[in-house]
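Asks: Take a look and give me a structure for this.
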Amino acid sequence: MKIRRYIRFTKLTKDNNLFIGSLSAENMGNSIKLGVKTFQDKKFLQELEGRADFFEIMAIKGKDYSFLREFSKPIVIHAEHQRFGVNYADNAKCEKNLQSLEFALGVAREYNSQKVIVHAGRLENDGCSIAQAVSLIRSINDERVLIENLPQNYFCSTPEDIRRFISLSGCSFCFDINHAIQTALSNNLEPYGFIERFIELNPRHYHLGGQKMNSSCIGHKSFRDSEMDMEKIMKIIPDRAEITLEVTTDVENTKYDVDFVRRFTK
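Replies: Just a heads-up that it's a prediction; the model follows:
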């Protein structure tokens, strides 16, 4: 007898009720997809085009992304974050935050991307709050938006934080495994069990890179320099997951990383 498998998914309806549904796995591809990420490096994408299933692009306000028309791969967009002076949690940066997010959504619209990944931000002053970040996402009301979990000392660093944020904002979830490991190690928690708690929230997208498992907690490295148990990690990640490899910007190392992770997906 053939066992029929189903994929569970969740979605917040327009009246803010949480809908839980399922799709037959037989009607979906069952292989994990791997992508690579760049800010604005066309040559990098050309070098990785034969290995990656999709590209993730950092949408930096004012930059020209017309070179993406030369590629046929699906595109995932990442909006600017704190490195670019953006902080969705900061009330004083409302205009800057909105302009940044609208630019990312515009790039997504131009290149038919169905995912725009964002950061909630951090507490930088008394005018910062998670409620402000939620308010920004709700005002956009765009189903392409995914909130990413961040390391400790940022908003949305725990499974409870993420569950609350997606419930209040109506967005989906991008699970950064390295950020979860960093938070777990910083709090003396067993990292793989901590990862499983995030998986229960049904991420729509994943970020993964090499990771040091000592007190330095350094992540998003090449898998050449990683210490985490990849076999255990890949058993935790569901089939059909779409994973951006957030590693180094070195082309040869990234080629190695894609090939290395691909071995665990077969």
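Asks: which SSE is the most centrally placed residue in the chain in?
Replies: Centroid check for the chain by C-alpha atoms, centre = their mean gives Cys174 as the closest residue, at 3.6 Å. Here Cys174, judged by DSSP states H and E, is contained in strand 172-176.
Asks: For whichever helix or strand comes after that strand, which outside residues touch it?
Replies: As assigned by DSSP H and E, the chain's next helix or strand after strand 172-176 is helix 177-186. Outside helix 177-186, the residues that touch it by C-beta atoms under 8 Å, 6 or more residues apart in numbering are 148-152, 157-158, 189-191, 194-195, 198, 206-209, 211, 213, 215, 217, 219-220, 228, 233, 246. Quick note: C-beta positions are derived from backbone N, CA and C, even for glycine.
Asks: could you redo the last one with a cut-off of 6 Å?
Replies: With contact meaning C-beta atoms under 6 Å, 6 or more residues apart in numbering, helix 177-186 is reached by 149-152, 157, 191, 194-195, 198, 208-209, 211, 217, 219-220.
Asks: Among those, which one sits closest to Lys93?
Replies: Nearest to Lys93, judged by C-beta to C-beta, of the contacts of helix 177-186 is Leu150 at 16.8 Å.
Asks: Tell me who's in contact with that closest one.
Replies: So Leu150 contacts 119, 156-157, 179 (C-beta under 6 Å, 6+ apart).
Asks: Spell out the residue ranges of the strands in the stretch 101-250 of the chain.
Replies: Here the stretch 101-250 of the chain has its strands, by DSSP state E, counting those that start in this stretch, at 116-118, 145-148, 172-176, 205-208, 210-211, 219-221, 242-245.
Asks: just so I know, which of those strands lies nearest Leu136?
Replies: Of all those, strand 116-118 sits nearest to Leu136, with 8.8 Å by C-beta to C-beta.
Asks: Centre of the chain to that closest one, how far?
Replies: Centroid separation between strand 116-118 and its chain, computed with C-alpha atoms, centre = their mean, to the nearest Å, is 7 Å.
Asks: same check, this time on stretch 169-177
Replies: Distance, centroid of stretch 169-177 to centroid of chain: 7 Å (C-alpha atoms, centre = their mean).
Asks: That one: end-to-end distance?
Replies: Using C-alpha to C-alpha, to the nearest Å, the end-to-end distance of stretch 169-177 comes out at 22 Å.
Asks: repeat for stretch 138-150
Replies: End-to-end for stretch 138-150, by C-alpha to C-alpha: 20 Å.
Asks: try stretch 118-134
Replies: 11 Å.
Asks: again, but for stretch 194-212
Replies: Taking C-alpha to C-alpha, the first and last residues of stretch 194-212 lie 16 Å apart.
Asks: can you tell me the average pLDDT over that stretch?
Replies: Stretch 194-212 shows a mean pLDDT of 97.
Asks: still on that earlier bit, if any of the contacts of helix 177-186 are buried, put those into a PyMOL selection.
Replies: The PyMOL selection below is limited to those of the contacts of helix 177-186 classed as buried (16 or more other C-beta atoms under 10 Å):
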select buried, resi 149+150+151+157+191+194+195+198+208+209+211+217+219+220
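Asks: mind listing what's buried in stretch 67-80?
Replies: 68, 71, 74-80.
Asks: quick one: which of those sit in strands?
Replies: Judged by DSSP state E, the buried residues of stretch 67-80 include 75-79 as members of strands.
Asks: Serialize the residues you listed to JSON lines and add fields for pLDDT and distance to Phe55.
Replies: Below are these laid out as JSON lines (pLDDT from 0 to 100; distance: C-beta to C-beta, whole Å):
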{"residue": "Ile75", "pLDDT": "98", "distance to Phe55": "6"}
{"residue": "Val76", "pLDDT": "98", "distance to Phe55": "7"}
{"residue": "Ile77", "pLDDT": "98", "distance to Phe55": "10"}
{"residue": "His78", "pLDDT": "98", "distance to Phe55": "11"}
{"residue": "Ala79", "pLDDT": "98", "distance to Phe55": "16"}
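Asks: sorry, back to before: sort out for me which of the contacts of helix 177-186 are in helices.
Replies: Within the contacts of helix 177-186, membership in helices is found for 191, 194-195, 198, as judged by DSSP state H.
Asks: CSV for these, including distance to Leu105?
Replies: Below are these laid out as CSV (distance: C-beta to C-beta, whole Å):
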residue, distance to Leu105
Pro191, 33
Phe194, 31
Ile195, 29
Phe198, 25
